[in-house]
Every structure is written in C-alpha cells, then in structure tokens.
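**Q** When you get a sec, could you give me coordinates for this:
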Amino acid sequence: MQAHNKTVVKSMQILTLFINHPKLTFNEMMEHSNLPKTSLHRMVGSLEEMGFLTRDEHGHYSLGLIFLQFGQLVGERLDIRTIAYPIMKELRDDVEEAVNLIVRDKGEAMYIEKVDTLHPVRLYTSIGRRSPLYAGDSRIILAYLPEEEREAYIDCTELNPIAMGTIIDENTLRHALEEARLNGYTITSSELENYTKSVSAPILNGKNQIIAAISVAGIEARFQEKRLPELIDKVTKAAKEISMKLGSQTS
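**A** Numbering: from 1, shown residues only. A predicted model of the protein is given here:
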C-alpha cells in the first residue's frame, strides 16, 4: 500500500508541473521534479500510456485530452448545483416534498444536492448517498443513456432487491426504461426504501445528453394517484428549466 501511495504522489508531482508549464521536455520535467531519471522515465511512460500525458513530434510533453473530459464533467457537476438549487427550492416550496439532484458516477448514482421537505415525517436521503442506477429515482438516468450503454449495464449488473418494490427482473427493467424514455419521467414505489415514492425527470446538456436527474421523493401516503399528474408536471418543468440553462434545446 505504501508503494502505491508513493506512486500516486509522484504522479501528481509530475502532472502538477503542467499547471505553470504548457509543455515540458523530459529533461525539463527531471529538472523541475527532482525525481531520479529512471523513476521519472517509468512514470512518464505510464502517464502517457493512460492518456494523462501526450508527446509531440519534437519530444515536448503536455497534458492529455483526457483532462478535457474530466474538466467537462467536473464543470458540469459544479455548475449544475448552482443552477439547479434555486429551481429545486422553488419546487420544494411548491410541492412541499424533498427534491433531489442526482448524477451518474460510473455504475452508480450519487445525490449531489437536496432541498428537504418541511414535513416532520421524511426521507433522510443525504448528499453523497449512492444508489444503483436500476432502482429508485436515479433510474431515469439509466433510461436516457445510449442503448449500448444501457444494455452493457444490464448485462453486467446483478439486480439485487433493496426494498419490496425493487425491480430484479431484466425484462421488467427494460420495459420500465423504455416507458421512462417515452414518457419523459419515471415513477418509482418502494424501490430503495419501503413505503416511499418518487417522481423523477432527466436533465440534459447542450448536446441533449443526460447529465443528471431531478426528483421529488417522499412518503408513499403523500403521493396519492390523484396527485401524481401535478407532481409529474412540476418535476418535468423544473428539469426542462435546468436543462435549458445548461444549453439544452429541448422544449
């Protein structure tokens, strides 16, 4: 473990050189980092192989294009909280239910913002909570992924029961995902916790790609059938408002 920690530290030491230097030769990296030549050569080779560094025809190294992907993701996730929060708060005040902002993190969903309900009986979903993409209000994210990604996820994911309403059959899940895409929202019941319900809708970026979801969630008793059309309307409108502020052209 100690060796791995040293490797990470040295890798960061190399990468941070490029904060102040757009391009560096190997000798310049050695001079600035004070790392032994053999060790530096090995680590630079690994960083180049993984895409963290790139080398031009003149032997100059610079940060790899992978950092553009990371930067875009981090930027979206930071910006989206700032953009979404006032809309989430307005939605919470309107429907008096907890409002969640959810993003995909690899094969899971993560709750990155929440405006809690003022009701004394509530769900205690916290920022930073993770859940599987196939269950609960985060399933709308899975529904809006490209078909190949959805199928790859289903093929490699064990659908374990979490609460009494969790979908654990692949065909049932596929049907639910198709229905969510057609409707533009998803309703879930007792999938992550018993006797709870949620309505969620997708948040899209300027390329109309799914980057997050917004949901209202609460105790099942407050999500009666006659109230669902109102909640669906307000959640989908909030999702579209956030999406438009992020550059989406959806109407």
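
**Q** Could you chop this protein up by domain?
**A** 2-64, 72-245 (automatic domain parsing).

**Q** first vs last residue of stretch 151-166, how far apart are they?
**A** End-to-end distance of stretch 151-166 (Cα to Cα, to the nearest Å): 19 Å.

**Q** got a list of contacts for stretch 236-244?
**A** 80, 83-84, 87-88, 90-91, 99, 184-185, 201-205, 212-214, 248, 250-251 (Cβ atoms under 8 Å, 6 or more residues apart in numbering). Using the backbone N, CA and C atoms, a C-beta is placed for each residue, glycine as well.

**Q** now the helices for the chain?
**A** Along the chain, counting by DSSP state H, helices occupy 2-15, 26-33, 37-49, 66-95, 139-143, 147-156, 170-183, 228-245.

**Q** okay, the ones you listed, which one's buried deepest?
**A** Scoring those by mean neighbour count under mean count of other Cβ atoms under 10 Å gives helix 139-143 as the most buried, with a mean of 27.

**Q** Residues in contact with that helix: which ones?
**A** 102-104, 109, 133-134, 150, 153, 176-178, 180-181, 185-186, 188, 191, 200-202, 210, 212-213, 215.

**Q** Which among the residues you listed count as buried?
**A** Applying 16 or more other Cβ atoms under 10 Å to those, the neighbour count classes 102-104, 109, 133-134, 150, 153, 176-177, 180-181, 185-186, 188, 191, 200-202, 210, 212-213, 215 as buried.

**Q** Mark which of these are part of strands, please.
**A** Judged by DSSP state E, the buried ones among the contacts of helix 139-143 include 102-104, 109, 186, 188, 200-202, 210, 212-213, 215 as members of strands.

**Q** What is the nearest of those to residue 57?
**A** Of all these, residue 57 sits closest to residue 104, with 37.6 Å by Cβ to Cβ.

**Q** Include mean pLDDT when you put the domains of the chain into a markdown table, please.
**A** Formatted as a markdown table, these follow (pLDDT from 0 to 100):
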| stretch | mean pLDDT |
| --- | --- |
| domain 2-64 | 88 |
| domain 72-245 | 91 |
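
**Q** What distance do you get for residue 136 to residue 188?
**A** 5 Å (Cβ to Cβ, to the nearest Å).

**Q** Can you check which residues contact both of those two?
**A** residue 198.

**Q** And residue 190, how close does it get to residue 102?
**A** Using Cβ to Cβ, residue 190 is found at 18 Å from residue 102.

**Q** if we can go back for a sec, in a markdown table: the helices of the chain, plus distance to residue 164.
**A** Listed next are those as a markdown table, based on distance: least, Cβ to Cβ, whole Å:
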| stretch | distance to residue 164 |
| --- | --- |
| helix 2-15 | 42 |
| helix 26-33 | 56 |
| helix 37-49 | 47 |
| helix 66-95 | 25 |
| helix 139-143 | 16 |
| helix 147-156 | 21 |
| helix 170-183 | 15 |
| helix 228-245 | 20 |
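
**Q** Can you check which of the ones you listed gets nearest to residue 162?
**A** Closest approach to residue 162 among these is made by helix 139-143 (12.0 Å; Cβ to Cβ).

**Q** distance between that closest one and the chain's centre?
**A** What separates the centre of helix 139-143 from the centre of its chain is 11 Å, taken as Cα atoms, centre = their mean, to the nearest Å.

**Q** Mind exporting the C-alpha coordinates of that helix to CSV?
**A** Extracted in CSV, the C-alpha atoms of helix 139-143 (Å, rounded to 0.1, in the frame of the first residue of the first chain):
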residue,chain,number,x,y,z
ARG,A,139,-33.4,5.0,-13.0
ILE,A,140,-34.3,7.9,-15.3
ILE,A,141,-30.6,8.4,-15.8
LEU,A,142,-30.2,4.8,-16.9
ALA,A,143,-33.2,5.2,-19.2
